[in-house]
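Asks: Need coordinates for the following:
(one chain, ligands or ions: 2)
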Amino acid sequence: MIEYRQVTKVFGSGDTAVKAVDDLSFTIERGDFWSLMGPSGAGKSTVLHLIAGLTSPTSGAVLVEGRDVARMSGKEAAELRRRRVGYVLQAFNLLPFLTAEENVGMPLVLDGVPQREIDRRVPAALELVKMTHRAKHHPTTLSGGEQQRVAIARALVIDPAIVLADEPTGNLDRANGRAVMDLLVDLNERLSVTILLVTHDPVFAAMAKRVLHLVDGSLEQTTASDGDGDALTTSGRRR
Ligand SMILES: Nc1ncnc2c1ncn2[C@@H]1O[C@H](COP(=O)(O)OP(=O)(O)OP(=O)(O)O)[C@@H](O)[C@H]1O
Ligand SMILES: [Mg+2]
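Replies: Residues are numbered from 1 along each chain as shown. Ligands and ions are numbered 1, 2, ... in the order given. Below is the predicted model:
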């Protein structure tokens, strides 16, 4: 589903070169739920960007659904992002002059989906995140937790195979963060959406089935979890 094959990503060159990802290999199976932890600058966001084709590896290959993302044409990569990969960020990035339902429908509008289809899929996505009652609200009139749920509905409206979530609870208080996490767990369990979550919160990270610890662009250790925060096995190199 998502395969990293000896991926290295270097930004810049010469004295200012930064190795954001360093010879990284892993495979995330369809329907799996992994979290990615590590200090600031460890390369977590870069790992997600490479999966979505927002940047290309310096060496190695990133495969999504068996296809090398860097070898896709611009059109194919855009289609991957529009139809297969839902992205959720720390900053919700909702458009302030659009209502919740208009924000959620935006990826479909951009993809040229017929209005009737949009009218069917947007309420379903809002229902999934329990935001039906706020469909006509503008983002400024929603709480942070509600805005993030709308942003998640916008990621889900395309019926993605993969959800990439980069610190989705970073701007939320504990209760709202927990609600967002419960939503991700539910999506994974009920709809078999493959999820890769970046988080700084060890409790939330342990809600995934496996936790990757990234340091200086490479895996320091991986921990399998039972989803309740209890580590089952730990493997990987120690420094
Ligand atoms: N476009 C870019 N140009 C140059 N350097 C970059 C670029 N993007 C990332 N980097 C560098 O690559 C390294 C990894 O960045 P990345 O954003 O992946 O870290 P991160 O683990 O997501 O950190 P944080 O927890 O702070 O979000 C950092 O040293 C960063 O400065
Ligand atoms: Mg980051």
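Asks: partners of the residue nearest to residue 44 when sequence neighbours are not counted in the sheet?
Replies: In space, and not counting its chain neighbours, residue 44 is closest to residue 198: 4.5 Å by CB to CB, 6 or more residues apart in numbering. Just so you know, the C-beta spots here come from the backbone N, C-alpha and C atoms, and that holds for glycine as well. On DSSP bridges, the residues paired with residue 198 through beta bridges are residue 36, residue 166.
Asks: what about residue 198, how many neighbours?
Replies: Here the number of neighbours of residue 198 (other CB atoms under 10 Å) works out to 24.
Asks: Tell me how far the lengthiest helix in the chain lies from the chain's centre.
Replies: Secondary structure of the chain read by DSSP state H shows that its longest helix is helix 174-191. Helix 174-191 sits 13 Å away from the centroid of its parent chain (CA atoms, centre = their mean, to the nearest Å).
Asks: Now do the same contact list for the most centrally placed residue in the chain.
Replies: Centrality entry for the chain: nearest residue to the mean C-alpha point is residue 164, 1.2 Å, by CA atoms, centre = their mean. For residue 164, the residues meeting the contact criterion (CB atoms under 8 Å, 6 or more residues apart in numbering) are 48, 51, 52, 85, 86, 87, 88, 196.
Asks: In the protein, mark out all the helices, start to finish.
Replies: Using DSSP H, helices in the chain cover 44-51, 74-79, 100-110, 115-128, 144-156, 174-191, 202-205.
Asks: Contacts made by the first one with the rest, please.
Replies: For helix 44-51, contacts defined as CB under 8 Å, 6+ apart pick out 2, 4, 7, 9, 20-21, 24, 36-38, 55-57, 62, 64, 69, 85, 87, 162, 164, 166, 196, 198, 214, 217.
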